[in-house]
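Trainee: can you look at this prediction? I've put the sequence above it.
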Amino acid sequence: MAAGGFCKLPNGTVVVALNLPSPAAEAPSGVRVLVHAQNRARALTRLRNLGLRAIYLRGNAAPPTPDEVTAVLHHPDGLIWRTAPAADLSADLSVELWHPIRALLRRTTPQT
(Lines give C-alpha, C1' and ligand atoms only; values in the text may rest on other atoms or scores of the structure.)
Protein backbone atom coordinates (compact mmCIF):
# COMPACT_ATOMS: atom_id res chain seq x y z
CA MET A 1 0.00 0.00 0.00
CA ALA A 2 1.25 3.48 -0.78
CA ALA A 3 0.31 7.05 0.06
CA GLY A 4 -0.46 9.16 -2.93
CA GLY A 5 -3.09 10.88 -4.95
CA PHE A 6 -4.16 11.87 -8.42
CA CYS A 7 -5.40 14.77 -10.46
CA LYS A 8 -7.61 14.72 -13.53
CA LEU A 9 -6.43 16.83 -16.44
CA PRO A 10 -8.72 18.84 -18.75
CA ASN A 11 -8.27 16.30 -21.56
CA GLY A 12 -9.66 13.51 -19.34
CA THR A 13 -6.36 11.78 -18.55
CA VAL A 14 -4.97 11.51 -15.02
CA VAL A 15 -1.63 11.90 -13.30
CA VAL A 16 -1.16 9.56 -10.35
CA ALA A 17 1.51 10.22 -7.71
CA LEU A 18 2.57 7.51 -5.26
CA ASN A 19 5.05 7.52 -2.37
CA LEU A 20 6.63 4.07 -2.24
CA PRO A 21 9.15 2.58 0.16
CA SER A 22 12.59 2.59 -1.40
CA PRO A 23 13.91 -0.68 -2.84
CA ALA A 24 17.41 0.82 -2.79
CA ALA A 25 19.48 1.46 0.32
CA GLU A 26 20.64 4.91 -0.83
CA ALA A 27 17.11 6.33 -0.64
CA PRO A 28 15.90 5.60 2.90
CA SER A 29 12.94 7.97 2.64
CA GLY A 30 11.45 6.12 -0.32
CA VAL A 31 10.60 7.25 -3.81
CA ARG A 32 7.87 9.35 -5.39
CA VAL A 33 6.54 7.84 -8.61
CA LEU A 34 4.43 9.73 -11.16
CA VAL A 35 2.35 8.02 -13.84
CA HIS A 36 0.38 9.62 -16.69
CA ALA A 37 -2.43 7.40 -18.02
CA GLN A 38 -5.99 7.36 -19.34
CA ASN A 39 -7.41 6.63 -15.88
CA ARG A 40 -6.32 5.61 -12.36
CA ALA A 41 -6.75 1.90 -13.01
CA ARG A 42 -4.48 2.02 -16.05
CA ALA A 43 -1.86 4.00 -14.16
CA LEU A 44 -1.71 1.38 -11.42
CA THR A 45 -1.69 -1.42 -14.01
CA ARG A 46 1.36 0.16 -15.66
CA LEU A 47 3.21 -0.03 -12.33
CA ARG A 48 2.05 -3.57 -11.61
CA ASN A 49 3.23 -4.69 -15.05
CA LEU A 50 6.69 -3.42 -14.15
CA GLY A 51 6.80 -5.73 -11.14
CA LEU A 52 5.48 -3.39 -8.43
CA ARG A 53 2.67 -5.74 -7.43
CA ALA A 54 1.39 -4.37 -4.11
CA ILE A 55 0.42 -0.94 -5.42
CA TYR A 56 -2.93 0.50 -4.36
CA LEU A 57 -4.23 4.04 -4.31
CA ARG A 58 -6.53 4.77 -1.40
CA GLY A 59 -7.83 8.31 -1.26
CA ASN A 60 -6.19 11.48 -2.47
CA ALA A 61 -3.96 12.48 0.44
CA ALA A 62 -0.86 13.41 -1.60
CA PRO A 63 -1.90 14.51 -5.11
CA PRO A 64 0.74 15.59 -7.61
CA THR A 65 1.82 19.22 -7.52
CA PRO A 66 1.59 21.35 -10.68
CA ASP A 67 5.36 21.02 -11.13
CA GLU A 68 5.10 17.22 -10.91
CA VAL A 69 2.29 17.18 -13.47
CA THR A 70 4.41 19.24 -15.84
CA ALA A 71 7.39 16.93 -15.36
CA VAL A 72 5.48 13.74 -16.14
CA LEU A 73 3.67 15.26 -19.12
CA HIS A 74 6.98 16.27 -20.68
CA HIS A 75 8.54 12.83 -20.28
CA PRO A 76 8.09 10.54 -23.31
CA ASP A 77 7.25 7.46 -21.18
CA GLY A 78 4.90 9.29 -18.82
CA LEU A 79 6.39 7.33 -15.92
CA ILE A 80 9.07 8.95 -13.73
CA TRP A 81 10.44 8.85 -10.16
CA ARG A 82 12.74 10.62 -7.71
CA THR A 83 13.60 10.32 -4.04
CA ALA A 84 10.59 11.23 -1.93
CA PRO A 85 10.87 14.61 -0.22
CA ALA A 86 11.72 14.58 3.46
CA ALA A 87 9.11 15.45 6.06
CA ASP A 88 10.81 18.84 6.40
CA LEU A 89 8.85 21.03 4.00
CA SER A 90 11.48 23.76 4.06
CA ALA A 91 13.92 21.49 2.17
CA ASP A 92 14.67 22.47 -1.41
CA LEU A 93 12.89 19.91 -3.60
CA SER A 94 14.46 21.08 -6.84
CA VAL A 95 17.83 19.48 -6.05
CA GLU A 96 17.11 16.06 -7.52
CA LEU A 97 15.92 15.65 -11.09
CA TRP A 98 13.28 13.20 -12.22
CA HIS A 99 14.45 9.84 -13.55
CA PRO A 100 12.81 7.41 -15.98
CA ILE A 101 11.37 4.35 -14.25
CA ARG A 102 13.91 2.12 -16.02
CA ALA A 103 16.66 3.70 -13.89
CA LEU A 104 14.90 2.64 -10.68
CA LEU A 105 14.21 -0.89 -11.88
CA ARG A 106 17.79 -1.27 -13.13
CA ARG A 107 19.11 -0.34 -9.66
CA THR A 108 17.02 -2.93 -7.87
CA THR A 109 17.77 -5.95 -10.07
CA PRO A 110 20.30 -8.29 -8.45
CA GLN A 111 23.65 -8.76 -10.18
CA THR A 112 24.35 -12.33 -11.26
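Mentor: That came in fine, so what should we check first?
Trainee: which parts of the protein are strands?
Mentor: Ranges of strands in the chain, per DSSP state E, are 3-8, 14-20, 31-37, 79-83, 99-100.
Trainee: which helices and strands does the fourth one pack with?
Mentor: The one in question is strand 79-83. Packing partners of strand 79-83 (3 or more Cβ pairs under 8 Å, 6 or more residues apart in numbering; DSSP states H and E): strand 31-37, helix 66-73, strand 99-100, helix 101-108. Using the backbone N, CA and C atoms, a C-beta is placed for each residue, glycine as well.
Trainee: quick one: closest of those to Arg46.
Mentor: Nearest to Arg46 among these is strand 31-37 (5.7 Å), distances taken as Cβ to Cβ.
Trainee: what does that closest one rub up against?
Mentor: 13-20, 22, 43-44, 46-47, 64, 68-69, 71-73, 75, 78-85, 98, 101, 104 (Cβ atoms under 8 Å, 6 or more residues apart in numbering).
Trainee: thinking again about what came up before, between the helices and strands packed on strand 79-83, which one is closest to Phe6.
Mentor: It's strand 31-37; of those, that one is closest to Phe6 (Cβ to Cβ) at 9.1 Å.
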